[in-house]
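# Pasting the sequence and the predicted model now:
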Amino acid sequence: MTGFDRLRLDGVTRRFAGADALADLTLEIRRGEFIALLGPSGCGKSTALNCLAGLLPLSGGSIWRDDTRLDTLPPEKRGFGMVFQNYALFPHMSVQKNISFGLSMRGVPRAEARRRTTEAIRLVHLEEHARKLPGQLSGGQQQRVAIARAVVVEPSLVLMDEPLSNLDAKLRLEMRTEIRRLHQSLGLTTVYVTHDQEEALSLADRLVVLRDGRVQQIGTPEEVHTRPANRHVADFIGFRNLLPGRFSSAYFHTEGVRVKGTPVGTLEDGGPAVAAIRPEDVTLTGELDATVEVAEYQGREIAAEVRTDDGLVLHLRTDRRLAPGDKVRIGLPADRLLIFPS
Ligand code: ATP
């Protein structure tokens, strides 16, 4: 459909009963990008997607495709494809009919519609199931029909709202790869909503992390993973150890412990701070004497909770076979210990 270079959300805001569900979202999406909107339940992800789709009017701001203003257009005039959690396939229509429906609605000539439908079915590997009804398919197969139905009309943008949340763990992984493959091979531009950080990190070119309707960080998976912008993002993205304390003379102080870390943001000398480190970055060589309190078997690794002699509780992961009561010495590498203002 309509090609474009950039899609721009400019200060997009949506209020419900006076409260901001989404406040001032500004984002430029380049053609071919895969963007994930990530955040905890209620942070405004679906609101953002629905504003983009045209299912919710904006309370403020605007949306542009190159120089065309989009937010004043009804959903069907925006040329977007959508895939939602409950894929809402037509139960009385075959897979083939479900997929070709959008093409006939758009008046695509029959021969072309047939060709494009066959191609879409092939892309999502449903050749053997083309004549079945949705009720005769597994959850993953139904999800693939929903994706084929969305992409067959060659939308300028594909919007996906937690499309994998109804699937079991194994299928989720398979479909994740499938979605990324389709995105690449069809040259799609995709906006994908999820609360699953692993899914977002593995799929997206850039993540938009939201909290309470506000953007916390926009960055590549690597940027968000290694350098979260604030302690809320750190918490959400797997920095399980969040230690309250104080920042003073380039050191973080807490519970009789004084360690060097990497300051993120503006820290006041002597002011309250939070130090954050991932369990997998806590080392078993270091200065802090500690005792293992809990050890969970997790296949290759042990996830342990340890308490330092000063009373600091830390989560760590290791391939050493730790057991409760073991004495260990742990380290918090300065480049992995991020210090945020509190
Ligand atoms: P989830 O992952 O649980 O779907 P979300 O991040 O998609 O959450 P939204 O559905 O965008 O969050 O909701 C953002 C905020 O707006 C929430 O506080 C929610 O209660 C509120 N909200 C959403 N839709 C409405 C509505 N139709 N009327 C009133 N409040 C709403």
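Perfect, thanks for sending it. All values derive from a computational prediction rather than experimental measurement.
# Mind checking what secondary structure the most centrally placed residue in the chain has?
Most central in the chain under C-alpha atoms, centre = their mean is Ala200, positioned 3.1 Å from the mean C-alpha point. Taken by DSSP: H, G, I helix; E, B strand; the rest coil, the conformation at Ala200 corresponds to helix.
# dump the residue contacts of it.
Ala36, Leu38, Tyr192, Thr194, Leu207, Pro221 (C-beta atoms under 8 Å, 6 or more residues apart in numbering). Where C-beta positions appear, they are placed from N, C-alpha and C, glycine not excepted.
# Please identify the helix or strand for the first one.
In this case it means Ala36. strand 34-38 (DSSP states H and E).
# Likewise for the fifth one?
With elements taken from DSSP H and E, the one containing Leu207 is strand 206-211.
# Mind listing what's buried along stretch 334-342?
Arg336, Leu337, Leu338, Ile339, Phe340, Pro341 (16 or more other C-beta atoms under 10 Å).
# How about stretch 207-227?
Buried residues in stretch 207-227 (16+ other C-beta under 10 Å): 207-219, 221, 224-225.
# again with stretch 125-133
For stretch 125-133, using 16+ other C-beta under 10 Å, the buried residues are Leu126, His129, Ala130, Leu133.
# May I have stretch 271-286 as CSV, with CA atoms only?
Presented in CSV, the C-alpha positions along stretch 271-286 are these (Å, rounded to 0.1, in the frame of the first residue of the first chain):
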residue,chain,number,x,y,z
GLY,A,271,22.1,12.3,48.4
PRO,A,272,19.8,9.2,48.4
ALA,A,273,20.5,6.8,45.6
VAL,A,274,19.5,3.3,44.4
ALA,A,275,22.2,0.9,43.1
ALA,A,276,21.1,-1.7,40.6
ILE,A,277,22.7,-4.9,39.4
ARG,A,278,21.5,-8.0,37.5
PRO,A,279,21.8,-11.4,39.3
GLU,A,280,24.0,-12.7,36.5
ASP,A,281,26.5,-9.8,37.0
VAL,A,282,27.1,-10.5,40.7
THR,A,283,30.4,-12.4,40.9
LEU,A,284,31.6,-15.1,43.3
THR,A,285,35.0,-13.5,43.6
GLY,A,286,35.1,-10.4,45.6
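# quick check: mean pLDDT across stretch 212-221?
Average pLDDT, stretch 212-221: 97.
# Now do it: everything it contacts.
Contacts of stretch 212-221 (C-beta under 8 Å, 6+ apart): 20-27, 39, 43-44, 47, 200-202, 204-210, 223-224, 227-230, 232-233.
# Also stretch 60-71?
2, 4-13, 24-26, 51-52, 54, 57-58, 78, 156.
# redo that, cut-off 7 Å
4-13, 52, 58, 78, 156 (C-beta atoms under 7 Å, 6 or more residues apart in numbering).
# ok, which pair from the residues you listed is furthest apart?
Pairwise distances across these (C-beta to C-beta) peak at 24.7 Å, for the pair Asp5 and Thr13.
# the more surrounded of the two?
Using other C-beta atoms under 10 Å, the more surrounded residue of Asp5 and Thr13 is Thr13, with 17 against 9.
# what number of residues lie near the residue lying closest to that one once chain neighbours are set aside?
Nearest residue to Thr13, sequence neighbours excluded (C-beta to C-beta, 6 or more residues apart in numbering): Gly60, at 3.7 Å. Using other C-beta under 10 Å, Gly60 has 14 neighbouring residues.
# From Asp24, how far out is Gly60?
Applying C-beta to C-beta, to the nearest Å, the value for Gly60 to Asp24 is 8 Å.
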